[in-house]
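Participant: Compute the structure for the input listed below.
(one chain, ligands or ions: 2)
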Amino acid sequence: MEFLKGTKIFKVNDSNAILECSNILREGGVVAFPTETVYGLGANALDSKAVKRIFKAKGRPADNPLIVHIADLKQLNDLVTKIPKEVKLLSQKFWPGPLTLVLKKEDVVPEITTGGLDTVAIRLPGHDVALNLLQKSQLPIAAPSANLSGRPSPTTAQHVIADLAGRIEAVIDGGPTGIGVESTVISLVEEPPTLLRPGGITYEELKDLLGEVDIDSAVEAEIEDENRLALSPGMKYKHYSPDAEVLVIEGQRTKIANEIMTLTDQYLEEGLNVGVMATKENSDSYTKSQVKVMGNRSNLMEISSNIFRLLREFDEMEVDIILVEGLSTIGLGLAIMNRLRKAAGYQIINV
Ligand code: AMP
Ligand code: MG
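Facilitator: Residues are numbered from 1 along each chain as shown. Ligands and ions are numbered 1, 2, ... in the order given. This next block holds a predicted model:
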């Protein structure tokens, strides 16, 4: 175990890590830990004071609700007023895993945890460290992503440390996370169930299991009509963003490559330092800029595991503008494009 600015950094194989961190959580502290999606910043979900410390450490707006993590399905009974029939189907198929269910909350869940809503978002994560911590502490743990609000989500302990050292009690370093984008959020308070945020479990998988699934209008705009998307007012805020300007170029694969080459020339002429987040298939086209490969177009899991890390790496290289190749929104592509478009503040070029 080492210390940085007062934050304890545990290696995952440190036999004290789980016990010490669960003690910190039980005493009202905040601890960052790996999950299968991204690193989470956890606190006792039922302790308002502890949860307030998450918001403070991240600089997160108070109306942005947190996801409550549990280790056992039985914990649901204490946290929600009603368990709709879909819970059984979804939990059997996707838990432990990257799926979050929004349900009517019990009074024990404080409003700060739910951003003032009368619903609570719950997930049973598929990662040993997260599950061990939940079991050892015997607490439901509220945990958003362990980054400063607005920054790219953390997929390594080093990302957490870069953002939060000195602001949190501890972090457990479990290496890079697998999926790399956050959980899928589905509301079971509405009929039919409604997809609120695309993530590690795909919309197609949910529909296969449940039959009818609505898509929240903000997410819907990302599937169909790019023009509407670019104009949609509620979407004009940045999230998951590096310091550099981000631009997403969407369309047919070879047209994307041509457009990125043209834009690169323009920006270089303006004296800017250009980075390209490329797919493997196109990456050889970009000879004049800094290039980072997200992965193969046919391997969306590879791409999702890399995008947040690459955005952070481009910041370290001090590029001024990052040109990102768009992908289709099928399967995991919907979650990937949701994060990339938000990182770009919805600055999208269609070719
Ligand atoms: P984060 O953990 O930082 O990825 O953020 C958690 C996200 O979960 C929020 O930004 C919401 O999109 C979603 N969420 C959490 N609680 C609720 C809720 N009660 N109703 C709807 N969405 C929620
Ligand atoms: Mg987040």
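
Participant: pretty sure D320 contacts V246?
Facilitator: No - counting by Cβ atoms under 8 Å, V246 is not a contact partner of D320; they are 10.8 Å apart. Yep, even glycine has a C-beta here, placed from its N, CA and C like the rest.

Participant: So if I had to pick from those two, which one is more boxed in?
Facilitator: The residue with more neighbours, out of D320 and V246, is V246; 23 against 15, by other Cβ atoms under 10 Å.

Participant: so where do the helices sit in the protein?
Facilitator: Ranges of helices within the chain are 17-26, 48-58, 76-79, 86-94, 128-137, 157-164, 203-210, 217-223, 226-231, 253-269, 300-316, 333-343, based on DSSP state H.

Participant: Disregarding residues adjacent in the polypeptide, which is nearest to L310?
Facilitator: In this structure, L310 finds its nearest non-sequential neighbour in K292, 4.7 Å apart by Cβ to Cβ, 6 or more residues apart in numbering.

Participant: Tell me, how many residues neighbour that neighbour?
Facilitator: By other Cβ under 10 Å, neighbour count at K292 equals 22.

Participant: distance of the residue in the chain positioned nearest to ligand 2 from I67?
Facilitator: Residue nearest to ligand 2 within the chain (Cβ to the ion): S145, separated by 3.3 Å. With distances taken as Cβ to Cβ, to the nearest Å, S145 is found 9 Å from I67.

Participant: Please apply the same query to N132.
Facilitator: The gap separating N132 from I67 is 18 Å, by Cβ to Cβ.

Participant: These two: who's more crowded?
Facilitator: Neighbours were counted for N132 and for I67 using other Cβ under 10 Å; I67 has more, 25 against 19.

Participant: Which residues of the protein lie near ligand 1?
Facilitator: Proximity of the chain to ligand 1, by Cβ under 6 Å from any ligand atom, involves residues 64-65, 67, 102, 114, 117, 119-121, 144-145, 182, 185, 196-197.

Participant: Could you list the low-confidence segments of the chain?
Facilitator: 224-238 (pLDDT under 70).

Participant: ok now do the residue most central in space within it, which residues does it touch?
Facilitator: Taking Cα atoms, centre = their mean as the criterion, E182 is the residue nearest the geometric centre of the chain, at 3.1 Å. Residues in contact with E182, defined by Cβ atoms under 8 Å, 6 or more residues apart in numbering, are 37-38, 98, 145, 153, 197, 199-200, 335.

Participant: Export these as JSON lines, with columns for neighbour count.
Facilitator: What follows is those, written out as JSON lines (neighbours: other Cβ atoms under 10 Å):
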{"residue": "T37", "neighbour count": "30"}
{"residue": "V38", "neighbour count": "27"}
{"residue": "P98", "neighbour count": "24"}
{"residue": "S145", "neighbour count": "27"}
{"residue": "S153", "neighbour count": "25"}
{"residue": "R197", "neighbour count": "20"}
{"residue": "G199", "neighbour count": "26"}
{"residue": "G200", "neighbour count": "26"}
{"residue": "A335", "neighbour count": "30"}
